[in-house]
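Engineer: the sequence isn't on hand, but the structure is:
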């Protein structure tokens, strides 16, 4: 559920004026405990970089983790009008109507409820396996596909205005 706290954390992650945050700030923005953050760093689930003040978390890393963890529609809603300026076209959501068997629709509803997310997010996560399997072919066939898959790591971004 998109709460005011989560909305503010998303806005901070995607609109942050600097290119990095401290490890403690990253944990707070992700809603993780210090233990979860430590485990993610030790497991190399988060890439750190060096700054004058020591090890820091690049904001593009936070954006990638957030895109993976939250439904894109929540991110867009939190960003409001800025979503179109911050998220590249290939990342922004697109409504799509599909017809699937009732048991699959029930499964998606159940999984979304269990994971405190949306059915669209459950589907998007499952489609990532297909993306990985067919990246080379899809990148050649669909303009902008590879850029969207690589974002935000593939771009040196200017801070959002």
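Structural biologist: Received, thanks. If you're wondering where the values come from, they're calculated on a predicted model, not measured in any experiment.
Engineer: CA only for contacts and neighbour counts going forward, please
Structural biologist: OK.
Engineer: low-confidence stretches in the chain?
Structural biologist: 154-161 (pLDDT under 70).
Engineer: one more time with 50
Structural biologist: Low-confidence segments of the chain (pLDDT under 50): 155-161.
Engineer: where along it do the strands fall?
Structural biologist: Applying DSSP state E to the chain gives strands spanning 20-22, 49-51, 54-58.
Engineer: any chance of the ones you listed in CSV, plus mean neighbour count and distance to residue 69?
Structural biologist: Rendered in CSV, the data for these read as follows (neighbours: other CA atoms under 10 Å; distance: least, CA to CA, whole Å):
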stretch, mean neighbour count, distance to residue 69
strand 20-22, 19, 19
strand 49-51, 12, 22
strand 54-58, 18, 17
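Engineer: select, out of the ones you listed, the one closest to residue 29.
Structural biologist: Counting by CA to CA, residue 29 lies closest to strand 20-22 out of those; the figure is 9.6 Å.
Engineer: could you export the strands of the chain as JSON lines, including distance to residue 82?
Structural biologist: Shown next, in JSON lines, are those (distance: least, CA to CA, whole Å):
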{"stretch": "strand 20-22", "distance to residue 82": "20"}
{"stretch": "strand 49-51", "distance to residue 82": "27"}
{"stretch": "strand 54-58", "distance to residue 82": "21"}
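Engineer: fine by me, we can end here.
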